[in-house]
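Asks: structure for the following, please:
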Amino acid sequence: MIRKLAAAAAAAALALGSGAFASTAVTSATGDSTRIQLLSSSSQPAFESGLARSIAAAAQGSAMRLQTDQWESFGPTVTQALQSRPDVKFTIEYGRGEDACVVPVSENSLVGRLSSPQGQASFPVLCLAFTHDEAEVLARWKERDHAAFARMTQAERDYYMRTLRKEQRIRRDIIAASAAQGGELFKLVYRLKSPGSTYEKMYLRSEKMPISTVTDLVRYTVLFDEDKYTDGVKRMVAELSSRGYELGTLWNAWKAKNLSYRGINTVLCDPTNQFVEVQIHTRKSAEAADKTHGYYEKRRLQPEGSPEWHRLNDIAMGIANAVPVPDGVEAIDTYRRPFPVLEFLKEREARGNRPATLH
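Replies: The predicted structure follows:
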């Protein structure tokens, strides 16, 4: 019997090590001893309770590895067990599709922060958090975000997750293109649109839109000094064009004297048809945008033209008008606004998704 169990364990370890997972195993190693518990035929509750017991029973300072292509998450029982055993080095080896990864969950407290309010920890989300440098963003999800993500269709969730997998590469391109001109990225923690805001944009506004046309799933704010701003904008867009990004639209709000916003907003499309929003500010225009946003939110709750609407608008306009205007910025023209997203994508498809000549 012992030989049969050992043979089964060895076969499981061989299968898991090959990268073609066909089952689930928990490996706990302390010193020279290894214990493998097969969980392939378990129900979700049995899988979670067995995993939680294994974590609780692990020797002090041991390393544990969960290898699976079957389960996509675990619940609060396991999350709580991990949080109670910070000495255990826990690793998830997940082997399903594009989400396949090895995640060393070295900071077990993050598992709780990345879980839903019900304590459900999604393996694809954990993979993105730890292997794609998105932990600080994904840990900010609120209850409405987890609920919105669950309400999305499978195709929408897949698109959202693919976008998150692209973000680290896109971020490197934006950093390189802006830094070469003396710019810097600002408030990077907001670089991904939350599931709650994404769902609202797709379904809860007057004009519904498919997720593939949401242009700010990935978005950045770039700051330039006032004396480098105008040239910085032009050269950064040109640099991104040389990297295969196509300019979809550009709004020069420095010219919009009747609006309480100063800055330049662009949407670019990367070689994989992923939209990227880049807002370009001076430090003072970024500070003004933060201040005026609160007045904008309050103003839109008032009847347009009412005394309170005018009062809030006057305050916001005063803040915007006090922002110094960079030299030469008014020579930058607004381009393709409003942005016809579907038409733009059809044009790209007709030319094999190659960028058009830089405008």
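
Asks: switch to C-alpha atoms for all contacts and neighbour counts from now on
Replies: Noted.

Asks: can you list the strands that the helix or strand containing Ala25 pairs with?
Replies: Counting by DSSP states H and E, the element that carries Ala25 is strand 24-30. Partners of strand 24-30 in the sheet, by DSSP bridges, are strand 33-38 (antiparallel), strand 63-68 (antiparallel).

Asks: which of the residues in it are buried?
Replies: The neighbour-count check on strand 24-30 (16 or more other C-alpha atoms under 10 Å) flags 24-29 as buried.

Asks: any chance of those residues in a markdown table, plus distance to Val325?
Replies: What follows is the buried residues of strand 24-30, written out as a markdown table (distance: C-alpha to C-alpha, whole Å):
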| residue | distance to Val325 |
| --- | --- |
| Thr24 | 61 |
| Ala25 | 62 |
| Val26 | 61 |
| Thr27 | 62 |
| Ser28 | 62 |
| Ala29 | 63 |
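
Asks: distance to Leu312 and pLDDT added to those, as TSV?
Replies: As requested, these are exported to TSV (distance: C-alpha to C-alpha, whole Å; pLDDT from 0 to 100):
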residue	distance to Leu312	pLDDT
Thr24	59	81
Ala25	60	79
Val26	59	82
Thr27	61	80
Ser28	61	78
Ala29	63	75
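
Asks: for those, which one is nearest Ser73?
Replies: Nearest to Ser73 among the buried residues of strand 24-30 is Thr24, at 12.5 Å by C-alpha to C-alpha.

Asks: contact partners for the closest residue to Thr230 other than its chain neighbours?
Replies: Using C-alpha to C-alpha, 6 or more residues apart in numbering and skipping residues adjacent in sequence, the residue nearest Thr230 is Val329, 5.2 Å away. Contacts of Val329 were listed using C-alpha atoms under 8 Å, 6 or more residues apart in numbering, and they are 229-230, 254.

Asks: of the strands paired with strand 24-30, which shows the lowest average pLDDT?
Replies: Among the strands paired with strand 24-30, strand 33-38 carries the lowest mean pLDDT, at a mean of 56.

Asks: which of the contacts of Val329 fall in strands?
Replies: Assignment to strands by DSSP state E places none of these there.

Asks: just the buried residues from these, in PyMOL please.
Replies: Command for PyMOL, covering only those of the contacts of Val329 found buried under the criterion 16+ other C-alpha under 10 Å:
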select buried, resi 229+230+254
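
Asks: quick check, nearest of the contacts of Val329 to Asp145?
Replies: For these, the residue nearest Asp145 by C-alpha to C-alpha is Trp254; the value is 33.6 Å.

Asks: name the SS class of the residue nearest to Arg300 when sequence neighbours are not counted, please.
Replies: Once flanking residues are discounted, Arg300 sits nearest to Trp309: 7.7 Å by C-alpha to C-alpha, 6+ apart. Secondary structure, DSSP: H, G, I helix; E, B strand; the rest coil: Trp309 is helix.
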